[in-house]
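Engineer: The following block contains a protein sequence and its predicted model.
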Amino acid sequence: MKLVTFTHNNLTRIGAVINDMVVDSQGSNKIPQTMIAFLEGGINSLDAMKTLIESGLSRLELNDIKLNAPIPRPHKYLGISLNFADHINETGFEQPKYPSFFTKQSSCIIGYGDAIHKPKVSDKLDYEGELAFVIGKHCRHVPVEKAHQVIAGFTIANDVSVRDWQMHSPTFMIGKSFDTCGPLGPWLVTSDEIIDPHNLGIKTWVDNELRQNANTNQMIFNCYEMIAYLSQAMTLEPGDVITTGTPSGVGFKMQPRGYLKSGQTVKIEIEGIGQLSNFVIDEPEPTALY
């Protein structure tokens with residue numbers, strides 16, 4: 001099932017994509033209207049959505065709705081750094097002994113087709129195509145062999161990074177959390193449709209230039225190991241987003257540098273999920289000053 005958060009006629013709710021149609025959750029009073037609430041509902045939510053899909057009712061044209069990030073405001077957005085050997089080699093860093101995580105503030109998240117802002121304070125805006133998974137259950141101390149049971153589904157992330165600000169602090173957080181630096185989508189593919197998340201092709205284009213071309217089988221720490229590690233320290237909750245690292249081919253290691261410029265489009269494709277596309281504009285003037 002491809003679950004979406006979308007807006008239609010100025011109302012935002014969730015649905016499921018079937019071919020070129022969206023099954024609108026408003027067609028059932030048993031389906032929660034936000035993705036986190038839907039995930040909290042577990043099997044009851046999924047069964048209600050399946051029933052609505054099978055009814056053939058409550059359909060909207062995909063072209064008539066606005067796709068939002070599937071999880072617009074997760075409780076936690078955690079990214080792992082240095083998780084592909086080829087990316088470690090291009091950066092010159094040492095391979096970490098333990099998974100190394102940073103946070104992205106949820107205010108950075110945008111959806112499919114939204115604009116990435118090239119910030120006023122930096123010209124070192126970079127892309128990172130990544131597989132992301134979303135937690136579906138409250139969990140703690142999850143063993144590796146059971147970690148697949150707590151994943152609700154998978155989506156595509158662009159871990160957009162402002163490279164000079166990223167290096168202001170060892171945590172990377174501020175350079176990863178600029179507004180619009182968290183494209184996510186286009187939908188959440190439920191885990192039953194992804195046979196092996198550790199064998200998916202991943203590609204990133206800037207305009208028509210292929211910049212990244214890899215496979216998730218090159219990850220150093222896999223999704224299940226990440227869950228086992230994180231859940232030793234914190235309770236993972238439905239809707240938490242965890243990104244799995246980027247392969248080589250990022251802009252800051254190109255010669256000359258391949259930083260993003262206004263007018264360019266970044267497209268990321270992951271096998272079994274689809275494509276996430278966003279364009280770059282100069283950061284607009286603020287609508288309010290405080």
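Structural biologist: Everything's here; your move.

Engineer: low-confidence ranges in the chain?
Structural biologist: Where the chain drops to pLDDT under 70, the residues are 288-290.

Engineer: which residue is nearest the centroid of it?
Structural biologist: Computing the C-alpha centroid of the chain and ranking residues by Cα atoms, centre = their mean puts A157 first, at 3.1 Å.

Engineer: in terms of contact, does that residue touch C181 like I think?
Structural biologist: No - counting by Cβ atoms under 8 Å, A157 does not reach C181; the two are 10.6 Å apart. All C-beta spots, glycine's among them, are computed from the backbone N, C-alpha and C.

Engineer: Now for S262: which residues touch it?
Structural biologist: Residues near S262 by Cβ atoms under 8 Å, 6 or more residues apart in numbering: K118, V280, I281, D282.

Engineer: Over to D282?
Structural biologist: H117, K118, K120, S262.

Engineer: go on, F154?
Structural biologist: L131, A132, F133, V134, L188, V189, S191, I194, P197, I270, G272, I273.

Engineer: quick one: the helix or strand containing it to chain centroid distance?
Structural biologist: Assessed by DSSP states H and E, F154 sits inside strand 151-158. On the basis of Cα atoms, centre = their mean, to the nearest Å, strand 151-158 sits 5 Å off its chain's mean C-alpha point.

Engineer: go on, stretch 274-290?
Structural biologist: 17 Å.

Engineer: With only the CA atoms kept, save it in PDB.
Structural biologist: Output of stretch 274-290 as PDB, limited to C-alpha atoms (Å, rounded to 0.1, in the frame of the first residue of the first chain):
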ATOM      1  CA  GLY A 274       9.200   5.800  -6.800                       C
ATOM      2  CA  GLN A 275      10.700   9.200  -7.300                       C
ATOM      3  CA  LEU A 276      11.000  12.300  -5.200                       C
ATOM      4  CA  SER A 277      11.500  15.500  -7.100                       C
ATOM      5  CA  ASN A 278      12.100  19.100  -5.900                       C
ATOM      6  CA  PHE A 279      13.300  22.300  -7.500                       C
ATOM      7  CA  VAL A 280      15.700  24.900  -6.100                       C
ATOM      8  CA  ILE A 281      14.900  28.600  -5.700                       C
ATOM      9  CA  ASP A 282      16.600  31.500  -3.900                       C
ATOM     10  CA  GLU A 283      15.300  31.800  -0.300                       C
ATOM     11  CA  PRO A 284      12.400  34.200  -0.500                       C
ATOM     12  CA  GLU A 285      12.000  37.200   1.700                       C
ATOM     13  CA  PRO A 286      10.300  36.400   5.000                       C
ATOM     14  CA  THR A 287       6.600  37.000   5.300                       C
ATOM     15  CA  ALA A 288       7.000  38.300   8.800                       C
ATOM     16  CA  LEU A 289       9.900  39.700  10.900                       C
ATOM     17  CA  TYR A 290      10.200  39.000  14.600                       C
END
